[in-house]
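J.: Test case, fold it:
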Amino acid sequence: MTQDMLETLRKMPLPFADYLGIELTAAEAERVEARLLVKKELCTIPDILHGGAIMAFADTLGAVATFLNLPKGATTTTIESKTNFLSGIPLGEVALGECTPVHRGRKAMVWQTRITRGDGKLAALVTQTQLVL
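T.: Sure thing, here's the model as predicted:
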């Protein structure tokens, strides 16, 4: 089932996610995973992944996860997002994201995304709420 969902998502690319370089690696109703190469354009000074890039990465995963759980004809938008930044991810490394549900309701869904570094250390924890439209 994961491969089918990945193929469906790849046929309708998200322009901003493509611009950032987000690569979905797993997609199912209860878990979405992706990776993001930390390139110079996404860094702050010193060369670590910018907090806004981390938030955009997590927001994309939460939106994709919600999309995979929407009823036919519905859409979604983010209405709340909170991020705890725990450690930096240096230039050249890969940020790994795993998004899982906290609540999947008919009108709103809440997702938690863990962003880790290549060495497994937790870099950020993001909780977001998606409105079902």
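J.: residue contacts, residue 130?
T.: Residue 130 is in contact with 62-63, 66, 76-79, 108-111, counting by C-beta atoms under 8 Å, 6 or more residues apart in numbering. Just so you know, the C-beta spots here come from the backbone N, C-alpha and C atoms, and that holds for glycine as well.
J.: Ok, residue 109 next?
T.: Contacts of residue 109 (C-beta under 8 Å, 6+ apart): 65-66, 69, 76, 101, 103, 129-130, 132.
J.: Recalculate using a threshold of 10 Å.
T.: 62, 65-66, 69-70, 76, 101-103, 128-132 (C-beta atoms under 10 Å, 6 or more residues apart in numbering).
J.: Output the helix or strand harbouring residue 102 in CSV with nothing but the alpha carbons.
T.: Assignment of secondary structure by DSSP states H and E places residue 102 within strand 94-104. Extracted C-alpha coordinates of strand 94-104, given in CSV (Å, rounded to 0.1, in the frame of the first residue of the first chain):
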residue,chain,number,x,y,z
VAL,A,94,20.3,14.9,5.8
ALA,A,95,17.3,15.8,7.9
LEU,A,96,14.9,12.9,8.3
GLY,A,97,11.2,13.5,9.1
GLU,A,98,8.7,11.0,10.4
CYS,A,99,5.1,12.2,10.8
THR,A,100,2.5,10.3,12.8
PRO,A,101,-1.0,11.0,14.0
VAL,A,102,-2.0,12.3,17.4
HIS,A,103,-5.7,12.7,16.4
ARG,A,104,-7.5,12.0,13.1
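J.: Kind regards, and thank you for your time.
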